[in-house]
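A.B. asks: sequence unavailable; structure follows:
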DNA sequence: AGGAGAATCATGGAAAAAGGGGATGGATAA
DNA sequence: TTATCCATCCCCTTTTTCCATGATTCTCCT
């Protein structure tokens, strides 16, 4: 019995690449591709693959959201996240939202096949590089409270403590406290390094 | 006479994708691929393609540097930049460093062929999306002087004006001036928004 | 030779952030 | 029921950034 594979990715070259890498495999069946989240969902209404290869950066929606939605509606579909970079938080979030695996786009044919087969059997697959990154993330997870995240975003928007306080209807000193906690959690010494770290970790855009 | 094409990209899937997209074309000759800058240069020492498809993000060196080096040593090779995103500054820098074209990885087969043929004839090709981005960049180009960039990087590293001044052997007031100029050039109001903008524009990492 | 831009420095004042304390109520979880 | 975490608030001091305005070199380009 062959494994049905579907792919959603907005890059022609990547779709072609994967098709080419997989088209010699007898025990795989290529059921099609989509180039955005919407047409992926439309396809799934009619036909369910066993394994769904999903780019984390889609034009209309983030792969993270799509992952959640697909897994909610069709729990039998196993999802493998695909991305170009080793992006800390993305890998974590994809796995948290129901993905069964994560593969980088520089994977070899063997790696990709192994991932698909592993995942189709209900197990979890992380490519070597992604696994290393995940370990790093797990080693030092930065968990922000709701309020801290709000404050962080307003700082990134250029507001001062006073402005933030007005906007959130709290005291300036409270904002100051949140700010100090942010510096501690990120282990940075000032606003510049705080924002840089937050952008790099994709906590803010 | 067929056009010799070589590709350097660290993503297997992309290489496979391009190979697959191009292998039906009679007037093209696929001369090989490399997965990093060094082996690309090694290949070029023995054999020169007409067109070199180059990822802007290589593991060992940025495509921008490689572009400059290749174009310096082998002016007859026409280079097409390849990237996943529509990245403002990258497109500009690749073109500045001797690239003849820029194509996004979501390009269709037709688009890619058109790019290769256009460039092989010594003309310039920009994919539609890339062209749009470039126009935006040209409309509001943020050009930093050498010193400003140095200061910006040190700010992003978390140094204060005093520390920056010591490191660069200049006065604190001078650093302050550079800092003010940075705020003006980026059209932002404080350090937080400055760093955010700089990271997003990939002026700092 | 003139002009533009880059880099350097200055003065002085206002605003904001960083760093150090400590305190209180409320929710939640062990 | 303690213990922990969260969000809220306060005081004080020092450091740093932001703003306005102006000036002097130097080099590069025309």
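C.D. replies: The structure has been received and is ready for your questions. Every value quoted in this text rests on a predicted model; they were computed, and no experiment measured them.
A.B. asks: check the secondary structure at the residue most central in space within chain A for me.
C.D. replies: Centroid check for chain A by Cα atoms, centre = their mean gives residue A:90 as the closest residue, at 3.1 Å. What DSSP: H, G, I helix; E, B strand; the rest coil gives for residue A:90 is helix.
A.B. asks: my read: it touches residue A:104, true?
C.D. replies: No: using Cβ atoms under 8 Å as the test, residue A:90 is too far from residue A:104 to be in contact (11.1 Å). From N, CA and C alone the C-beta is placed, and that goes for glycine too.
A.B. asks: pull up the overlap in contacts between the two.
C.D. replies: Both residue A:90 and residue A:104 are contacted by residue A:83, under the criterion Cβ atoms under 8 Å, 6 or more residues apart in numbering or on different chains.
A.B. asks: thinking again about what came up before, tell me the confidence at the residue nearest to the centre of chain A?
C.D. replies: Here, the pLDDT recorded for residue A:90 equals 72.
A.B. asks: please name the nearest non-neighbouring residue to it.
C.D. replies: residue A:56 (5.2 Å; Cβ to Cβ, 6 or more residues apart in numbering or on different chains).
A.B. asks: list the contacts of the one you found.
C.D. replies: Taking Cβ under 8 Å, 6+ apart, we find residue A:56 in contact with A:62-64, A:81-83, A:87, A:90, A:94.
A.B. asks: now render those as TSV, adding distance to residue A:12.
C.D. replies: Listed next are the contacts of residue A:56 as TSV, based on distance: Cβ to Cβ, whole Å:
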residue	distance to residue A:12
A:62	20
A:63	17
A:64	23
A:81	19
A:82	14
A:83	17
A:87	22
A:90	22
A:94	23
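A.B. asks: out of these, which sit inside strands?
C.D. replies: The strands, defined by DSSP state E, take in A:81-83 from those.
A.B. asks: nearest to chain B, of these?
C.D. replies: Distance to chain B across the ones in strands among the contacts of residue A:56 (Cβ to the nearest Cβ) is lowest for residue A:82, with 8.3 Å.
A.B. asks: now that closest one: how far from residue A:119?
C.D. replies: As judged by Cβ to Cβ, to the nearest Å, residue A:82 and residue A:119 stand 12 Å apart.
A.B. asks: how far away is residue A:202 from DNA strand C?
C.D. replies: Computed as Cβ to the nearest atom of the strand, to the nearest Å, the residue A:202 to DNA strand C distance reads 21 Å.
A.B. asks: now residue A:125
C.D. replies: Residue A:125 is 30 Å from DNA strand C, by Cβ to the nearest atom of the strand.
A.B. asks: which ones are touching that residue?
C.D. replies: Residues near residue A:125 by Cβ under 8 Å, 6+ apart: A:80, A:100-103, A:114-115, A:118-119.
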